[in-house]
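*Asks:* Model the following, please.
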Amino acid sequence: MRTSHRYSSLAALAALSLAACSGPPVVTTNVPAAPKPVVSAPVDLTVPPTLAAPPALRLPPMTTRTLPNGLKLVVIEQHELPLVDVVLDVRTGGEADPAGKAGTASLAAGMLTEGTTSRTALQIADQAAYLGVRVGAGSGWEQSTVSLHAPTAQLDSALALFTDVALHPAFNSPDLERVRKVRLTALQQIRDRGPAIADRAYATALYGEQHPYGRPLSGSEASVADITRDDLVKFYTTYFHPNNATLLVVGDVRPDDIERRALALFGNWTRADVPTVVENTAPAPKATTLVLIDKPGAAQSSFRLGGIGVPRSTDDYFAIQVMNTILGGSFTSRLMQNLRETHGYTYGAQSGFSMRRSAGPFTASAEVVSAKTDSAFIEFMKELRAIRDTVPADELAKAKRYLQLGLPQDFETTGSIAYQMLPLVTYGIPLDFYDTAVQKIGAVTQADVQRVAREYVNPDRLTIVIVGDRKLIEPGLRALNPGEIVIRDVKDVIGAVPVK
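*Replies:* Here you go, the predicted structure:
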């Protein structure tokens with residue numbers, strides 16, 4: 001009965017609709033006329049769109065505080081998502097490695113997640129997976145870090161795990177031997193990797209083996225084999241103190257809440273006198289020297305060219321960024337367009353300034369097909385000389401806009417904000433550094449670019465490292481008369497463990 005009633009109702013509605021359609025026309029009044037279609041002006045697809053002025057960079061609110069034990073807090077509120085990134089930044093790293101034991105800071109940091117006095121490495125990994133968080137540790141030239149990425153809802157449990165990793169490492173000998181074997185295996189693999197060989201040889205050729213920047217952060221096979229548990233414990237107990245550290249917190253948090261949690265978790269961390277790491281003076285520039293490292297059978301040559309650059313605190317920061325963007329800091333840079341697009345010698349050529357507490361290296365680099373090693377060298381030198389001339393106004397404007405419009409993406413997530421702010425914390429740069437970045441990039445002039453290019457890019461005093469098949473590439477390089485040529489072997493660079 002219910003179904004037949006439904007169908008009869010539908011039939012009645014259909015009859016009414018049909019009657020309405022067949023009846024007399026409905027007369028309406030005051031109906032506005034249909035709007036005329038808007039005809040857009042034709043778009044010239046051969047002309048690029050005009051960019052608007054770059055927007056100012058607006059960073060989230062920041063709060064700084066200091067706990068009674070000297071631990072500094074930097075809290076950056078980002079409430080878009082319920083996520084938090086935390087970094088404990090200890091302001092000592094590989095530059096404090098003991099003599100003959102390069103890699104100590106790196107190995108010590110690597111051991112932090114390998115077990116604490118109350119958790120094994122597996123328990124740390126299991127709890128992180130259960131909570132849905134990431135806990136990690138690492139080191140650089142002048143900092144050692146412990147990091148955490150977590151949902152805000154899991155922050156209490158995540159911070160408890162994070163604090164245990166940071167403050168209570170066990171440095172258990174069995175775990176150390178396991179980690180050491182992994183490290184030694186990775187170092188042995190470098191023997192067959194031209195780019196990694198070139199990076200190591202370039203640092204040593206530029207700074208010398210006595211300067212911290214001239215030694216590899218991860219150590220050599222020989223140095224890693226010699227590092228003991230006592231070395232790691234000594235490094236940790238000497239430098240991991242609250243008055244040598246900053247807790248950087250970015251995310252869906254409030255400063256008062258973070259301070260309360262930090263006091264509860266880190267309040268009993270004992271402060272102590274931390275020795276000042278001796279700042280080694282970089283060697284003075286010398287006449288161009290080419291270090292040729294023989295790698296028989298190599299299909300490509302690994303280029304590293306440059307000199308000693310600037311510290312992160314330099315007043316020329318933005319002028320250097322603009323100049324390097326033109327030279328080799330973007331896909332449309334001169335080095336990339338020349339060596340890749342015009343000549344097809346490489347998949348990519350680039351340049352950059354590694355800015356540290358002291359003056360880090362300026363490096364131009366590429367992996368070049370072996371048969372074109374000498375030709376690529378000519379083009380590298382051509383561009384390193386040309387950047388010292390006045391750059392055209394349109395090229396300058398393009399580089400500045402590239403940097404300005406790329407800034408916002410560097411601050412999109414809690415993790416990216418922490419990554420950008422960490423060098424400011426480590427090197428004592430004012431935390432409002434990026435507030436005026438757009439304006440300062442825009443203020444860079446042609447004269448500024450030429451000045452920094454002439455000051456920091458000197459084609460007549462270069463350190464050059466090329467790793468490749470010596471018998472194939474040496475004759476062409478010598479014909480170019482680049483300067484003194486020093487021949488080295490791969491094993492000299494890697495520092496293999498001596499056979500006992």
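
*Asks:* Any chance of the backbone angles for Glu221?
*Replies:* phi -60, psi -40 (degrees, to the nearest 10).

*Asks:* can you map out the strands along the stretch 151-300 of the chain?
*Replies:* Taking DSSP state E, counting those that start in this stretch as the criterion, the stretch 151-300 of the chain contains strands spanning 245-251, 289-294, 300-308.

*Asks:* and those strands as a markdown table, adding mean neighbour count, distance to Ala203 and mean pLDDT?
*Replies:* Placement of C-beta: from N, CA and C, glycine included. Below are the strands of the stretch 151-300 of the chain laid out as a markdown table (neighbours: other Cβ atoms under 10 Å; distance: least, Cβ to Cβ, whole Å; pLDDT from 0 to 100):
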| stretch | mean neighbour count | distance to Ala203 | mean pLDDT |
| --- | --- | --- | --- |
| strand 245-251 | 25 | 27 | 98 |
| strand 289-294 | 21 | 11 | 96 |
| strand 300-308 | 24 | 9 | 97 |
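
*Asks:* For Leu45, find the nearest of those strands.
*Replies:* Among the strands of the stretch 151-300 of the chain, strand 300-308 comes nearest to Leu45, with 39.0 Å by Cβ to Cβ.

*Asks:* okay, that closest one in CSV with CA atoms only?
*Replies:* Once non-C-alpha atoms are left out, strand 300-308 reads as follows in CSV (Å, rounded to 0.1, in the frame of the first residue of the first chain):
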residue,chain,number,x,y,z
GLN,A,300,83.5,12.2,-15.3
SER,A,301,85.7,14.8,-13.7
SER,A,302,84.6,16.4,-10.4
PHE,A,303,85.4,20.1,-10.3
ARG,A,304,85.8,22.2,-7.2
LEU,A,305,87.2,25.8,-7.6
GLY,A,306,87.2,28.8,-5.3
GLY,A,307,88.7,30.3,-2.2
ILE,A,308,88.1,31.4,1.3
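
*Asks:* what pairs with it, and is each one parallel or antiparallel?
*Replies:* Strand 300-308 pairs in its sheet with strand 361-369 (antiparallel), strand 463-468 (antiparallel), by DSSP bridges.

*Asks:* what is the orientation angle of the next helix or strand after it with strand 361-369?
*Replies:* Per DSSP states H and E, strand 300-308 leads on to helix 317-327 as the next helix or strand towards the C-terminus. If you take axes from the mean of the first three to the mean of the last three Cα atoms, to 10 degrees, helix 317-327 sits at 10 degrees to strand 361-369.

*Asks:* helices or strands up against helix 317-327?
*Replies:* Contact analysis of helix 317-327 by 3 or more Cβ pairs under 8 Å, 6 or more residues apart in numbering; DSSP states H and E lists helix 334-336, strand 346-353, helix 393-406, helix 437-442, helix 446-456 as its packing neighbours.

*Asks:* Out of those, which one sits most buried?
*Replies:* helix 334-336 (a mean of 23; mean count of other Cβ atoms under 10 Å).

*Asks:* Provide the contact partners of it at residue level.
*Replies:* Applying Cβ atoms under 8 Å, 6 or more residues apart in numbering, the contact partners of helix 334-336 are 326-328, 330, 348-351, 364, 366, 380, 383, 386-387.

*Asks:* PyMOL command for the buried members of these?
*Replies:* Taking 16 or more other Cβ atoms under 10 Å as the burial criterion, the selection of buried members of the contacts of helix 334-336 in PyMOL is written as:
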select buried, resi 326+327+328+330+349+350+351+364+366+380+383+387
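
*Asks:* Please convert the contacts of helix 334-336 to TSV, extending it with pLDDT.
*Replies:* Converted to TSV, these look like this (pLDDT from 0 to 100):
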residue	pLDDT
Ile326	98
Leu327	98
Gly328	97
Ser330	96
Gly348	97
Ala349	98
Gln350	98
Ser351	98
Ala364	98
Ala366	98
Phe380	98
Glu383	98
Ala386	98
Ile387	98
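
*Asks:* And the furthest pair within the contacts of helix 334-336?
*Replies:* Spatially, the most separated pair among the contacts of helix 334-336 is Gly348 and Ala386, at 19.2 Å (Cβ to Cβ).

*Asks:* wait, which of the strands of the stretch 151-300 of the chain is closest to Leu107?
*Replies:* Closest of the strands of the stretch 151-300 of the chain to Leu107 is strand 245-251, at 19.5 Å (criterion: Cβ to Cβ).

*Asks:* Report the central residue of the chain.
*Replies:* For the chain, the residue nearest the mean C-alpha position is Tyr419 (7.7 Å; Cα atoms, centre = their mean).
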